[in-house]
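Undergrad: sequence and computational prediction follow.
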Amino acid sequence: VLTCILVIIHHLRVRSMMKDSRWLWCLLCLPTVTSFSPHYRTNQRSFSLAVSSHCADDNEAQQTDQFSRRDIFRSATAAVSALSFLQTSTTFPFTVNAADDVKPVSISASWSAIAGLNKAESTDFVSFDQSAYKAMRDDPSRTPLFQKALIERLNSAPGGPESQTVLDLGTGPFALFALLAAEAGAGKVYAIEADPEAARNARYQIKRAGFSDTITVLEGFSTDVTLPEKVDVIVAEIVGSIASEEGAFATVLDAHKRFAKDPNNPASWIPNRIQTYAAPASYTLHNMFKPPAFDWEKLSGEPVRFNCRDQGLQLLSDPVLVEDISFADISNAYQQSEKKINLSFKVDGERLEDNEDNFFNNLRAGRMDAKEAAIVARETSRSFTGIAFWPRLTLDAAGTNIVNSRKYPDGGHQRSHWQTVLPIMTPTPIGGLSGGDTITVTADFELPDKPTKTAQYTLNGNVYPSSA
């Protein structure tokens, strides 16, 4: 077991992140990791390092870490088998009173938008490293659709693309959308970037591409920047894995007032609408590692972030809409920055059967013994861990050019640089679920009016079995 742990430490090069011995417990959770989150921030107060996952594809992960997810899974499952963690199973935690009435099981979680992520120095603003920016740029489900939306919008202008002024909010080190706008013929482009290093790199990329006369980079938070003129189109790809977690609400609210010529026109914004979808989910490692061997409460509400293709997470019901932010009418839609919504989910019996097969195949791909894999898959598929969240973006005014981070409408797995965010809402999985069981949650999303402040997310609810 110790050999397995040391091999994992060596290949993933995490020794520099280990601030104390508590991290050794985390290493037992490494089968979830495709590669470490590019915007992960080491946090001595939590155990989230090992369960933070970068939504890059498997080839990228292997090139980066020289140790594939499957290799990690094999080592970790071998350790698990050796320690006989899988020989125990949780009894169903539903309680029955004297009248045989089934009582609901309480669930909850609370976290900040930057929990487990990098943040800019002296702020609570989410920041990214080079690998994260590359993952965004190279995401085939994102960048080509943004390019298409931008070209169509500029070409639709009565005076042609050259008559249009474009703003790229959060241009990043590649000045990606600013350059795409210039290449599409925009007459003038402004690019705002808060991170000094990213702004320097953006200027370099712009000069290298020969667009220094067309594109002007303005350094600082957009709320502190003044443009010399208002613009026709604003590209605002400041969308988190929970759509609002990167400060989109506050940033767009300010841009709506100060930067856009026609802020109430959906055609002024790319994207013009961002949404967050949610569904209850099961998670393999939550079932494989239980107290006292592993204390999930030490995450202190910090969510687990999954590669959107990770089969270690499966949804228990159809997704529902949680956030819906229209940039064109953001002032009217958000009179206050705190929003609560009551959610209700019905566990889907067919999904439970499919999830069991998916979990089994995933565990077997990691070379877990077939008998053990069958036990874990059966238990996990009928358990609740938390509510999973992921974003969806509408890029054009017609509502036909849409970016999905998970498949729509069923929430199926697919490649995306965005992640699926899963707060752990119960110390041990709530097991014994069946089709028709109800899960209710009140989601309290507190969105600040300044992008340098952090959004806060709170979930409270109950799991109700359909019958005793």
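TA: Nice, thanks for sending it over. As the structure is a prediction and not an experimental result, all values here were calculated from the model.

Undergrad: ok, and what's touching the one helix or strand residue 445 maps to?
TA: Using DSSP states H and E, residue 445 sits in strand 438-446. With contact meaning Cβ atoms under 8 Å, 6 or more residues apart in numbering, strand 438-446 is reached by 107, 244, 278, 280, 316-317, 322-323, 337-347, 384, 387, 455-464, 466. Where C-beta positions appear, they are placed from N, C-alpha and C, glycine not excepted.

Undergrad: could you flag which of those residues are buried?
TA: 107, 244, 278, 280, 316-317, 322-323, 337, 339, 343, 345, 347, 384, 387, 455-459, 461, 463-464 (16 or more other Cβ atoms under 10 Å).

Undergrad: of these, which belong to strands?
TA: 107, 278, 280, 322-323, 339, 343, 345, 387, 456-459, 461, 463-464 (DSSP state E).

Undergrad: farthest-separated two in these?
TA: 456 and 464 (26.8 Å; Cβ to Cβ).

Undergrad: wait, residue 137 sits on residue 173?
TA: No: Residue 137 is beyond contact range of residue 173, at 9.4 Å (criterion: Cβ atoms under 8 Å).

Undergrad: those two: who's more crowded?
TA: Neighbour count, other Cβ atoms under 10 Å: between residue 137 and residue 173, residue 173 has more, with 22 against 14.

Undergrad: spell out the secondary structure type for that one.
TA: Here residue 173 is recorded as coil under DSSP: H, G, I helix; E, B strand; the rest coil.

Undergrad: quick one: the nearest residue to it once chain neighbours are set aside from residue 216, how far?
TA: What sits nearest to residue 173 in space, not counting adjacent residues and going by Cβ to Cβ, 6 or more residues apart in numbering, is residue 201, at 3.6 Å. Residue 201 is 16 Å from residue 216, where distance means Cβ to Cβ, to the nearest Å.

Undergrad: who has more neighbours out of those two?
TA: When neighbours are counted by other Cβ under 10 Å, residue 201 and residue 216 differ, and residue 201 comes out ahead with 20 against 16.

Undergrad: which one's the longest helix in the protein?
TA: helix 349-365 (DSSP state H).

Undergrad: could you point out which element follows that helix?
TA: The C-terminal neighbour of helix 349-365 among helices and strands, as given by DSSP H and E, is helix 370-381.

Undergrad: distance check, residue 340 against residue 438.
TA: From residue 340 to residue 438 the distance is 19 Å (Cβ to Cβ).

Undergrad: show me the contacts for the closest residue to residue 226 other than its chain neighbours.
TA: In space, and not counting its chain neighbours, residue 226 is closest to residue 258: 7.7 Å by Cβ to Cβ, 6+ apart. When contacts are counted by Cβ under 8 Å, 6+ apart, residue 258 touches 226, 227, 230.

Undergrad: and residue 258, what are its phi and psi?
TA: The phi/psi pair for residue 258 (degrees, to the nearest 10) reads phi -120, psi -20.

Undergrad: then the residue nearest to residue 173 would be within a strand, right?
TA: No: read with three-state DSSP, residue 201 is helix and lies in no strand.

Undergrad: low-confidence regions, this structure specifically.
TA: By pLDDT under 70, the low-scoring segments of the chain are 1-102, 119-125, 333-339, 467-468.

Undergrad: all helices for it, in order.
TA: 2-12, 23-26, 58-65, 69-83, 130-137, 143-155, 176-183, 196-209, 248-258, 284-288, 330-333, 349-365, 370-381.

Undergrad: and those helices, which is most packed in?
TA: Highest mean neighbour count of the helices of the chain: helix 284-288, a mean of 26 (counted as mean count of other Cβ atoms under 10 Å).

Undergrad: mind saving the C-alpha coords of that one as CSV?
TA: Taking C-alpha atoms only, helix 284-288 is exported to CSV below (Å, rounded to 0.1, in the frame of the first residue of the first chain):
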residue,chain,number,x,y,z
THR,A,284,-17.8,6.2,-6.5
LEU,A,285,-15.2,7.4,-4.1
HIS,A,286,-17.8,8.7,-1.7
ASN,A,287,-18.9,5.1,-1.4
MET,A,288,-15.5,3.5,-1.5
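
Undergrad: thanks a lot, see you next time.
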